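K.L.:
The sequence isn't on hand, but the structure is:
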Ligand code: HEM
């Protein structure tokens with residue numbers, strides 16, 4: 001009987017942890033950035049490197065292709081929607097799996 005109680009407690013715990021994890025993964029954080037605020041996150045002098053694509057702000061600080069906030073002549077801290085679509089060979093698919101930190105506002 002005691003074993004059964006312990007097992008149901010563990011099951012419930014797993015369920016709660018599983019549900020909350022799934023929720024936070026699919027939502028864009030509430031944080032918003034203006035284009036001027038975004039400029040500070042350029043990956044230089046220890047600053048994080050953020051880029052905006054289609055109104056979403058991504059953190060590329062730990063992306064190896066974005067060392068020191070630079071990638072093929074493009075700089076972090078900017079809205080690169082136009083550039084990734086018209087000047088890169090890969091397009092927006094490369095943004096899949098990059099951590100999202102917020103949204104871009106006017
Ligand atoms: C957001 C704006 C981005 C722009 C404007 C951009 C631009 C470019 C350009 C112009 C090239 C071609 C370089 C050449 O001709 O040698 C390139 C290649 C590449 N980029 Fe980006 N990029 C962006 C984001 C990213 C991100 C977020 C990643 C990785 C997570 C990435 C990974 C790569 C890789 C791996 C290549 C090598 C070619 C390929 O795999 O298609 N890029 N990028």
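P.N.:
Thanks, I have the structure now. Predicted, not measured: the structure shown is a model, and the values here were computed from it. Residues are numbered from 1 along each chain as shown.
K.L.:
Going by C-alpha atoms from here, please, whenever you check contacts or count neighbours.
P.N.:
Fine.
K.L.:
and the closest residue in space to residue 44 that isn't next to it in sequence, what is it in contact with?
P.N.:
The shortest distance from residue 44 to any non-neighbouring residue, by C-alpha to C-alpha, 6 or more residues apart in numbering, is to residue 68 (5.8 Å). Contact analysis of residue 68 by C-alpha atoms under 8 Å, 6 or more residues apart in numbering lists 42-44, 49, 61.
K.L.:
sec struct for residue 68, please.
P.N.:
At residue 68 the chain is in helix, as set by DSSP: H, G, I helix; E, B strand; the rest coil.
K.L.:
filter the contacts of residue 68 down to the ones near the ligand?
P.N.:
Counting by C-alpha under 6 Å from any ligand atom, nothing from these sits close to the ligand.
K.L.:
Among those, pick out the one closest to residue 32, please.
P.N.:
residue 49 (15.5 Å; C-alpha to C-alpha).
K.L.:
Please look at that closest one and residue 38 and confirm they touch.
P.N.:
No. At 9.2 Å, residue 49 does not count as touching residue 38 under the criterion of C-alpha atoms under 8 Å.
K.L.:
distance between the ends of stretch 34-54?
P.N.:
14 Å (C-alpha to C-alpha, to the nearest Å).
K.L.:
ugh, wrong one, stretch 39-55
P.N.:
Stretch 39-55 end-to-end distance (C-alpha to C-alpha) = 15 Å.
K.L.:
Also stretch 55-68?
P.N.:
22 Å.
K.L.:
buried set for it?
P.N.:
Neighbour-count burial for stretch 55-68 flags 55-61, 66, 68 (criterion: 16 or more other C-alpha atoms under 10 Å).
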